[in-house]
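# This is a predicted model, with the sequence first.
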Amino acid sequence: MSFSMSAEASERLQKLKERYPDPKSTVMAALYLVQEEHEEITNEGVHWVSEQTGISPVHVMELVTFYTMYRRKKLGKYHVQVCRTLSCGLCGAKDLMSYLHERLHVEPGEITADGIFSYEYVECLGSCGTAPMCEINDTYFENLTPEKLKQLLDRIEREKPDLSLSTKRDAIGSGLTGEGYSKVLGDKPL
Ligand code: FES
């Protein structure tokens with residue numbers, strides 16, 4: 001299968017390489033670029049990253065399969081990752097998952113018929129003090145209950161916000177700051 005990346009993506013990666021003494025340091029950014037363009041990281045994408053960074057394909061694949069932020073297959077336009085580690089597990093992650101299952105009528109990792117949602121359990125997302133929480137695309141939503149999650153999904157369906165904050169906005173992975181929440185949904189906390 002042929003695989004290609006746009007000239008723009010290659011240029012962005014090149015600029016990133018200039019920031020580091022070793023191109024290996026850009027591996028995670030390169031994976032994000034592949035994911036942004038293709039919505040998934042296939043074996044061909046892994047090889048492209050390997051060529052770009054000088055890291056062997058097997059080591060690139062180790063990163064892809066270890067971190068849940070990298071997608072090995074296409075998912076819904078909004079992918080909900082529910083943390084199930086200790087704090088979130090104790091504070092109700094299971095109830096959030098039950099709600100998602102009941103509402104979306106698909107199993108974890110599957111996509112709803114309209115292509116809008118998918119969901120899965122993930123391990124600690126580093127926001128344990130505001131458990132239970134989930135990450136939707138690149139944006140955190142915290143102190144959740146099934147009712148708040150319902151309101152959130154209702155709004156996403158209605159407003160179709162851009163919850164991606166990644167390479168196109170300069171700071172790769174900056175969604176982890178939670179900036180997206182205030183930026184996208186304004187001063188309307190749930
Ligand atoms: S336990 Fe859920 S964010 Fe850490």
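Right, received. Where do you want to start?
# Could you break this protein into its assigned domains?
Following automatic domain parsing, the chain resolves into domains at 7-66, 78-185.
# possible to save those as TSV with distance to residue 72?
For the C-beta atoms, the positions are set from N, CA and C on the backbone; glycine is no exception. Conversion of the domains of the chain to TSV gives the following (distance: least, C-beta to C-beta, whole Å):
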stretch	distance to residue 72
domain 7-66	6
domain 78-185	10
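# Please name whichever of these is nearest to the ligand.
Evaluated with C-beta to the nearest ligand atom, these place domain 78-185 nearest to the ligand, the distance being 3.3 Å.
# what's the span of stretch 46-62 from first residue to last?
End-to-end distance for stretch 46-62: 10 Å, by C-alpha to C-alpha, to the nearest Å.
# Now it: buried residues?
Judged by neighbour count using 16 or more other C-beta atoms under 10 Å, the buried positions of stretch 46-62 are 46, 48-50, 52-53, 55, 60-61.
# you'd agree residue 119 is in a strand?
Yes - counting by DSSP: H, G, I helix; E, B strand; the rest coil, residue 119 is part of a strand.
# Show the low-confidence segments of the protein, by residue range.
1, 165-190 (pLDDT under 70).
# try 90 this time
Residue ranges of the chain with pLDDT under 90: 1-2, 36, 68-69, 137-143, 151-152, 155-156, 158-190.
# So what touches the helix ranked longest in it?
Scanning the chain for the longest helix, with DSSP state H as the assignment, gives helix 146-159. With contacts defined as C-beta atoms under 8 Å, 6 or more residues apart in numbering, helix 146-159 is touched by 78, 92, 95-96, 98-100, 103, 116-117, 134, 136, 141, 144, 161, 163, 185, 190.
# what about 7 Å?
Defining contact as C-beta atoms under 7 Å, 6 or more residues apart in numbering, one finds that helix 146-159 is touched by 78, 95-96, 99, 103, 116, 141, 190.
# Quick one: the domains of the chain as TSV, columns for distance to the ligand too.
Shown next, in TSV, are these (distance: least, C-beta to the nearest ligand atom, whole Å):
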stretch	distance to the ligand
domain 7-66	17
domain 78-185	3
